[in-house]
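Asks: Predicted model follows, preceded by the sequence.
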Amino acid sequence: MYGVVNKSLKEMMINQFGDERWQKVLDQSGVAPDSFLSMRAYDDDVTYTLAQAAADELQIDLGDALRAFGVHWVEHTAAKEYGTLMRATGGDMLSFLENLNGLHDRISSTFLDYRPPSFIVDREAAGGVSVLYVSERVGLTPFVEGLLNGLSAWFDESMEILDIRPEAVDVGEKSTFIVKML
Amino acid sequence: MASQSSPKLWDRLLELYTVVCLIDAQGRLTAVSPLLERVFGSEAVGSLLNNLFEFKRPAGFDGSYNAGMKNLGQLVLGHNSEKGFALRGQLHDYSSFGLDGLCLIGVPWLWWMQENNPDHGLGFSDFPILDIQMDQLFFASAQQTMVADLEKLNDQLQLAQQKIKEEGERRQRFFGHVSHEMRTPLNGVISALTLIKDGQFDDRTSTFIRLAAHSANRLLEIINFSLDTVNPQLDSISEDEEPFSMDSLIDDCLAVTQARALEKGLNLHRVGTQNFATKFIGHPRLLKQVLINLLGNAVKFTDEGDVTLSAVAMDTEDTDGCSIEFRVEDQGPGIPKDMQRQIFEPFATGVTQQTQKAGGTGLGLNIAKRCVESMGGHLSVKSEQGQGAVFRFNVILSVLSDSDYQQLMGEAESQASASLRGAVLLVDNEEEDLSLNEQILASLGLAVETATSGVGAVECVKGKTFDLVLMDLDMPEMDGFETTEAIRRLPDRDGLPIVALSAHTDASTKQRVIGAGMQGFLEKPILSDRLLSQLTEWVELQVDDPSSLPETDDRQINSEDPFFVSEIIERMKRDVGADIVTALVAKFLSESAVRWDSLQTALANDDLPVVAREAHTLGSSCFTFGLQRAGSRFRKLEAEAQNAQALTVDIELLAADLGEGISGLEMSVDGL
C-alpha cells in the first residue's frame, strides 16, 4: 500500500492517543520508525502489522480499529489532501462511489503498482442501495464500513448500513453493503 | 439540442467531447451539447457565442463565424465569469461531412474553474475518458502531498540537526570543562617538577623526574590541543614574536632529529639553507615545532635512504618580509592519495599499518598544520605510494638587520641574568598553586605575600602597599573580578596594578579581565622563564651582572653560542635511549679525532676542498651533539674554504672550543 495509508494511521494514533502510544505501536510491530512518504509503495504487511499493533495497544478488536481508521481516512486524509479530487469525483456519496472506479482507473495509469479495490453501486437493489466491494486484499471490509460512514458524514448525508454480506472468494475479499440513505 | 444537419456526426462528437457547439454564419449557436445546455440553460440556444464567452485564445477570436473560420484548428480558451464556466477546445469546419456551420469541440477548462469557481460541481462524467485534465488533477494533488511530505521531512531533519548540534555543543562544553579541570592539577604537577628538577638527585631519581616531566608535558600538549579543538577561540598556540637566527634554528631542528637518523643509518641533508645569514623576527618556537615534527616523521617512516630539509628564500611583494619555502623530503613508503587529506586530521595515526607501527599521539601533523596556518602559511604534502613524500610550507618573516638583532638579543640575555625587585600580593585559593607560584616569584627576587581568598586579599591591600597584585580569577565566594572591584573601591588603590591569573585562556575571559579594570593577564601555570619579561612592566628589573651583557666585537657571533647545550643530549636520550646515545657519542669522538687530524693536514697543505669537506662534517656532528660554539666556527671555516677566501678562523680557539664542548659532552653521557 502507498505510504499515505500508513501515514494516515500514524496521524490517527498520534492525534487521538499521543506520540507515546504511537511509539509503543511501532515498538510492538517492529516496524522501523519512518516518515512514510505518501506516494511510495510499501509492503502490505507493514500496514497490516501496524493496524494489528494499534488494536493491541488500544486493546480493541482489529475490526473496530479498522472501522475507526476508515472514518479517519475520509475525514482527515482524503478530504484534506485530495479534497479537490474528491469533489470532482462526486457531489454526493452514491455518485462518489459510482465514480470511484473511474478515479482509481486514472490513478492506475500514473501509479503502476496501484492495486485499487472496485465498487459497484446498485441504487435499485432490494432492501436499499447495495454497494459491492471487491478487493484482492483480505480483511479490509471493516475499513470500508468506516469509509462509508466517513463519506456520509463528509457529504453531510444521513445513512445507515443495514447489512454487510461477505461472499467466499478464492482470492481477496468480496462484500456487499446494504445501505439505506435517510 | 441536436444538430439536424448531420445527426450521426453530431452524436459521434458528443461521445468524444462534452463541450460541442455549432455556430452559423451569423454567429448564432445552432446546436450545443447537453453539458452546455445544463450550465447555461436552453436560452443559450440562439445566443451569440460572443455573448456567452470571453475568449482568451486564439487572439482575435471573438466568437463570430468569420473569426472562427480564420482560426481553424487553433486552441480555444474561453470563460464565462458569471456562470463560472470555462471551455477549452478546437474550431473545425465539418461542412464537407454534412455538419453545417463552424464547430467548436472540447471539454470544460478545469484549471480555470478550479481557480475561479472551485465549487463548479463538475464530475468525472463531464470529462471524456481520454481527457487528461482529471489525471492532471490527481497528479497535482499527489505532487502537493509529496511536497508537503518533503517539507515535513525537512522540518524533522532541521529539528534533528538542531538537536544534534545542541547535544554536540553540550558535549563540547563538558569536554572542554573536563579538559580544563584536568589542566589545573596537571599544571601543579608540571610546576612542581620544574622546581625540583634542578635539585641534586641520584641518576635513577633524575631519570624518573625527567620521565615524569616529559610525560606531564606531553599530556599537557594533548589537553591543550583538546581545548583548542573544542574552543576555537582559545589561542594557546599564539605567542609573542621573537628575534631568531634561521641558521641556528635549522641546526637545532636537525640536531634533534640527527640521533634517530644516525641510529637508522639515514642520511640527513640540508639543502640551500646555508645561505640564511639573515636574522628574522617571528615565531621561532612554532617554526621549530613544525620542522622537528616533519623531520621526525620523515625519519620515522624512512627505513633507508635520505631525508632532506631544504629552505629557499622566495621573492615577495612585501618589502619588509621574506617568504621562505621549507620542504622536508623523505624516501619512505609514501602516502596513498586517499589518505593525504586525512593525515592532517587529529588522531589520524593508525589509519595504516605503517603509522600504527610508528606510533605517536596522532596530533603531530595537525598541530604542525595549525602552527603553519597561525604563521599565515599553508602546509601541504605531495606523495606517490612507494616513492616517499614531500611536505612543503612557506612563511613570510620580517627581516632583522644584524644591529637590530644584536640589540634585541642583548636585551633578552640581559633579562635572563636579571632579577626583579618589588612587593607582590599573590591571591589564590588553591594552596598547591599558591605555594608553587610563591616560590617561583620569590626565586625572581620579589617579596611575596599571599592571600587565599578575595576577602583576605582586600584586607592585605588595605594595610600594606604592593607594587603588584597577581589575582586568581576562579575563587569561591568572591572571585577575582569581584575582589578587583572591591580593591578599586578602597582609597588610593585605584592605580594599583592587578594582573589576572587563570588557566582560562579564551578571548572572552581576557576581554572580561580588561573590562574589570585589571592591567594584564597571565596564563597558568606561570613559567619562570617567561615571567621576568611579563612582570617588568609593573615591577623593577635589576640586572645582576652587567658584564654578562653580550659583547659587540667581531667575536660576538661565536660567543653567542654556548660550548655545549646539554638539552640536546637529554632530548636524544629521551628519543632513542641513554645506551644508544652513549654509543653514538663514542663513535663521534673517535671519528672526530680522525677528521680533526685530517683537517690539520689539509690546513697545512692549503687543501681548501678537503678543509671545506672536513669542516662541514665536523660542524654538522658538533651541532648534532650540542657543541654549538665549535659547530659555528667549523661552519665559518667551511664557508671560507668553500669560497676560497682567506681563512680567518682562529684554529687554536676552534680547538679550545671543541675541547670545551667535548668535556661537557663527556660529562653528560654515562659509560663512555
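Replies: Now that the structure is in, tell me what you want to look at. Residues are numbered from 1 along each chain as shown, chains lettered A, B, ... in the order given.

Asks: so how many other residues sit close to residue B:122?
Replies: 22 (other CB atoms under 10 Å in any protein chain shown). C-beta coordinates here come from the backbone N, C-alpha and C atoms, glycine included.

Asks: hang on, it in a strand?
Replies: No - Residue B:122 is assigned coil when assessed by DSSP: H, G, I helix; E, B strand; the rest coil, not a strand.

Asks: For the longest helix along chain A, buried residues please.
Replies: Across chain A, the longest stretch assigned as helix under DSSP state H is helix A:93-110. Residues of helix A:93-110 classed as buried by neighbour count (16 or more other CB atoms under 10 Å in any protein chain shown): A:93-107.

Asks: now do stretch B:331-349
Replies: Applying 16+ other CB under 10 Å to stretch B:331-349 flags B:331-335, B:339, B:343-344, B:346, B:348-349 as buried.

Asks: Which entries in those are shared with the contacts of chain A?
Replies: Among these, proximity to chain A is found for none (CB under 8 Å from any CB of the partner chain).

Asks: got a markdown table for the residues you listed, with secondary structure and pLDDT too?
Replies: Below are those laid out as a markdown table (DSSP: H, G, I helix; E, B strand; the rest coil; pLDDT from 0 to 100):
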| residue | secondary structure | pLDDT |
| --- | --- | --- |
| B:331 | coil | 92 |
| B:332 | coil | 90 |
| B:333 | coil | 89 |
| B:334 | coil | 89 |
| B:335 | coil | 88 |
| B:339 | helix | 84 |
| B:343 | helix | 86 |
| B:344 | helix | 85 |
| B:346 | coil | 71 |
| B:348 | coil | 59 |
| B:349 | coil | 50 |
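
Asks: In those residues, find the pair that's most separated.
Replies: Pairwise distances across the buried residues of stretch B:331-349 peak at 26.8 Å for B:331 and B:346 (criterion: CB to CB).

Asks: who's residue A:181 bridged to?
Replies: residue A:159 (DSSP bridges).

Asks: separation between it and residue B:39?
Replies: 27 Å (CB to CB, to the nearest Å).

Asks: Neighbour count for these two, which is higher?
Replies: residue B:39 (21 against 14).

Asks: Spatially nearest residue to the more buried one (excluding sequence neighbours)?
Replies: Distances taken as CB to CB, 6 or more residues apart in numbering or on different chains place residue B:85 nearest to residue B:39, at 5.1 Å, with adjacent residues excluded.

Asks: domain assignment for chain A?
Replies: A:3-59, A:69-181 (automatic domain parsing).

Asks: so is the residue lying farthest from the centre of chain A in a helix, a strand, or just coil?
Replies: Going by CA atoms, centre = their mean, the residue of chain A most distant from its centre is residue A:126, 25.6 Å out. Secondary structure, three-state DSSP: residue A:126 is coil.

Asks: need the contact list for it.
Replies: By CB atoms under 8 Å, 6 or more residues apart in numbering or on different chains, the contact set of residue A:126 is empty.

Asks: Please point out which parts of the host helix or strand of residue A:133 sit buried.
Replies: Using DSSP states H and E, residue A:133 sits within strand A:129-135. The neighbour-count check on strand A:129-135 (16+ other CB under 10 Å) flags A:129-133, A:135 as buried.

Asks: Now residue B:98. Its backbone dihedrals?
Replies: phi 90, psi 10 (degrees, to the nearest 10).

Asks: Next: residue B:94.
Replies: Torsion angles, degrees, to the nearest 10, at residue B:94: phi -100, psi 20.

Asks: rewinding a little: CA atoms of the longest helix of chain A as CSV?
Replies: Output in CSV follows, covering the C-alpha atoms of helix A:93-110 (Å, rounded to 0.1, in the frame of the first residue of the first chain):
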residue,chain,number,x,y,z
MET,A,93,-21.9,9.8,-1.5
LEU,A,94,-23.5,7.5,-4.1
SER,A,95,-22.3,9.5,-7.1
PHE,A,96,-18.9,9.5,-5.5
LEU,A,97,-18.9,5.7,-5.1
GLU,A,98,-20.2,5.3,-8.7
ASN,A,99,-17.3,7.4,-10.0
LEU,A,100,-14.7,5.9,-7.7
ASN,A,101,-13.7,3.2,-10.1
GLY,A,102,-13.1,5.9,-12.7
LEU,A,103,-10.9,7.8,-10.3
HIS,A,104,-9.0,4.6,-9.5
ASP,A,105,-8.6,3.8,-13.2
ARG,A,106,-7.0,7.1,-13.8
ILE,A,107,-4.7,6.7,-10.8
SER,A,108,-3.7,3.3,-12.1
SER,A,109,-2.4,4.9,-15.3
THR,A,110,0.0,7.0,-13.4
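
Asks: Remind me what it packs against, helices and strands.
Replies: helix A:83-89, strand A:118-122, helix A:141-154, helix B:133-196 (3 or more CB pairs under 8 Å, 6 or more residues apart in numbering or on different chains; DSSP states H and E).

Asks: Indicate which one of those is closest to residue B:25.
Replies: helix B:133-196 (32.0 Å).

Asks: Now do the closest one: which elements does it pack against?
Replies: helix A:3-17, helix A:79-81, helix A:83-89, helix A:93-110, helix B:110-116, helix B:203-230, helix B:431-443.

Asks: buried residues in the second one?
Replies: The neighbour-count check on helix A:79-81 (16+ other CB under 10 Å) flags A:79, A:81 as buried.

Asks: I'd like the average pLDDT over it.
Replies: Mean per-residue pLDDT for helix A:79-81: 86.

Asks: Nearest to chain A: which residue in the stretch 151-300 of chain B?
Replies: Of all residues in the stretch 151-300 of chain B, residue B:153 sits closest to chain A, at 5.4 Å by CB to the nearest CB.

Asks: For that residue, list the residues it contacts.
Replies: Contacts of residue B:153 (CB under 8 Å, 6+ apart): residue A:35.

Asks: Look at it and report its pLDDT.
Replies: Residue B:153 is given a pLDDT of 89.

Asks: How about the one 3 residues further on?
Replies: pLDDT, residue B:156: 89.

Asks: Work out for me the element the residue nearest the centre of chain B sits within.
Replies: Centroid-nearest residue in chain B, with CA atoms, centre = their mean: residue B:370, separated by 5.2 Å. Element membership of residue B:370 [criterion: DSSP H and E] is helix B:364-374.

Asks: excluding its backbone neighbours, what's nearest residue B:563?
Replies: For residue B:563, the spatially nearest residue (CB to CB, 6+ apart) is residue B:660, at 4.1 Å.

Asks: Sorry, slip of the keys, the one I care about is residue B:46.
Replies: Closest to residue B:46 by CB to CB, 6+ apart is residue B:28, at 5.5 Å.

Asks: surely that neighbour meets residue B:47?
Replies: Yes - assessed by CB atoms under 8 Å, residue B:28 is found in contact with residue B:47 at 7.3 Å.

Asks: Spell out which parts of chain B neighbour chain A.
Replies: B:110, B:114, B:118-119, B:121-125, B:129, B:134-135, B:137-139, B:141-142, B:144-146, B:148-149, B:152-153, B:156.
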